[in-house]
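Enquirer: This is the structure alone, sequence omitted:
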DNA sequence: TATCACCGTAAGTTGACACTTACGTAAGGC
DNA sequence: GCCTTACGTAAGTGTCAACTTACGGTGATA
């Protein structure tokens, strides 16, 4: 989770993720889409894989990569924790106020 | 946006964000919560402020910081872009299949 | 089995960044 | 007009990470 956030914070890896979002691609295909060397992309792919953001499928000498939406969803849930609990507290505060109003009315 | 992702990827800044999520706190109060020096926290606060993740309010010599949920929400929307469009394509594909079924039935 | 295609790994370099200590600055209190 | 309080900023340091070039390993192919 921590690793996933750091992984997706890197612009190059974001671009890679978008490339393999809908269809799997080989490491070579991905590397051709960028102007950096192939090893650089290979290292990025390792980071993404260890962060659980992509899956790797081997076929012969080739390796196919594909995005893993579940992990991205996990990231969203993580971000929700920051403000959703804030909302929950607002909600709880509102309910508390409601109860005290009724107590006052009685 | 890019800056916000990098900012929130740092564990220490996540902790700071949680501290000022519900109530504003001074830079000094925040610094006391950690075991690093005050300047270190001050620098983190600058990063968070430039990323739009916190607001700064000055009162005398003190500076109050508070989380900005809208920006965090922006981050969520950014993450949605990764898989939501994938869902939209699935939906579009399903509808397309539906139409071709009807064409086949006629 | 020799070779080629496809890819990861090793090692080194450079820049970014999370810290430190030292210093500067602005607002109140006496 | 000081002196304290509450900060940010400057400058230096160590570490990590994104790249490079060079090399190794594994699977198809003739």
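Expert: Yep, it's here. Here the structure is a predicted model, which is why all the values come from computation and not from measurement.
Enquirer: all contacts plus neighbour counts: C-alpha atoms, from now on.
Expert: OK.
Enquirer: So residue A:40 versus residue A:46, what's the distance?
Expert: As defined by Cα to Cα, to the nearest Å, residue A:40 lies at a distance of 10 Å from residue A:46.
Enquirer: How about chain A: which residue is closest to DNA strand C?
Expert: For chain A, the residue closest to DNA strand C is residue A:28, as judged by Cα to the nearest atom of the strand, at 3.1 Å.
Enquirer: Just after the helix or strand where that residue lies, pick out the following helix or strand.
Expert: According to DSSP states H and E, residue A:28 maps onto helix A:27-32. Heading C-terminal from helix A:27-32, the first helix or strand you meet, by DSSP H and E, is helix A:38-50.
Enquirer: where do the strands sit along chain A?
Expert: Secondary structure of chain A (DSSP state E): strands at A:25-26, A:54-59, A:62-67.
Enquirer: Which among the ones you listed is found nearest to chain B?
Expert: Set against chain B and scored by Cα to the nearest Cα, the strands of chain A come closest in strand A:62-67, at 9.0 Å.
Enquirer: State the paired neighbours of that closest one in the sheet, together with their directions.
Expert: Sheet pairing here is set by DSSP bridges, and for strand A:62-67 it gives strand A:25-26 (antiparallel), strand A:54-59 (antiparallel).
Enquirer: pretty sure residue A:14 contacts residue A:4?
Expert: No: using Cα atoms under 8 Å, residue A:14 is not in contact with residue A:4; the gap is 11.3 Å.
Enquirer: quick one, which of those two is more surrounded?
Expert: residue A:4 (20 against 14; other Cα atoms under 10 Å in any protein chain shown).
Enquirer: Quick check: chain neighbours aside, which residue is closest to the more buried one?
Expert: Excluding its sequence neighbours, the residue lying closest to residue A:4 (Cα to Cα, 6 or more residues apart in numbering or on different chains) is residue A:51, at 4.7 Å.
Enquirer: how many neighbours does the one you found have?
Expert: 18.
Enquirer: Then residue A:45?
Expert: By other Cα under 10 Å, the residues close to residue A:45 number 23.
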